[in-house]
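J.: this one's sequence-less:
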């Protein structure tokens, strides 16, 4: 499969997963609010506000995925001997 097809497939999969995550976040937030209103208490996980933790975990996950894609991109150059192309890419930036 060509790289553009792979990127398109990855993009579709990512969109699907983001949508599923958004649905779950909404459901969790609704339940969290019901608990807060009913019991006057905040849901926590290991002492941290659960909604804050959920947002932090999502950002952390996205960061790790971005770093993994970046490393895979760099490894694709070094593993198949494309050092010249990689060098020209970074020389352009510098």
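T.: Looks like it arrived, so ask away. Here the structure is a predicted model, which means the values were calculated and not measured.
J.: Please work out the average pLDDT along the strand or helix carrying residue 52.
T.: Counting by DSSP states H and E, the element that carries residue 52 is helix 50-79. Confidence for helix 50-79, expressed as mean pLDDT, is 85.
J.: Equivalent analysis for stretch 10-17, please.
T.: 88.
J.: distance between that stretch and the chain's centre?
T.: Distance of stretch 10-17 from its chain centroid, counting by CA atoms, centre = their mean, to the nearest Å, is 11 Å.
J.: Spell out which residues make up each domain of this structure.
T.: 1-41, 49-94 (automatic domain parsing).
J.: Now mean neighbour count too, for the ones you listed, in CSV please.
T.: (Each C-beta comes from the backbone N, C-alpha and C, glycine too.) Putting the domains of the chain into CSV (neighbours: other CB atoms under 10 Å) gives the following:
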stretch, mean neighbour count
domain 1-41, 10
domain 49-94, 11
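J.: which non-adjacent residue is nearest residue 35?
T.: Nearest non-adjacent residue to residue 35, counting by CB to CB, 6 or more residues apart in numbering: residue 43, 5.6 Å away.
J.: distance of that neighbour from residue 60?
T.: Using CB to CB, to the nearest Å, residue 43 is found at 20 Å from residue 60.
J.: repeat for residue 11
T.: From residue 11 to residue 60 the distance is 21 Å (CB to CB).
J.: now swap in residue 78 and tell me
T.: For residue 78 relative to residue 60 (CB to CB), the value is 27 Å.
J.: how distant is the strand or helix carrying residue 35 from the center of its chain?
T.: Using DSSP H and E, residue 35 sits in helix 3-39. Distance of helix 3-39 from its chain centroid, counting by CA atoms, centre = their mean, is 11 Å.
J.: distance between the ends of stretch 43-57?
T.: In stretch 43-57, first residue to last residue: 16 Å (CA to CA, to the nearest Å).
J.: What lies in contact with it?
T.: 25, 28-29, 32, 35-36, 42 (CB atoms under 8 Å, 6 or more residues apart in numbering).
J.: Report the contact partners of residue 69.
T.: Contact analysis of residue 69 by CB under 8 Å, 6+ apart lists nothing.
J.: one more time with 10 Å, if that's ok
T.: residue 10 (CB atoms under 10 Å, 6 or more residues apart in numbering).
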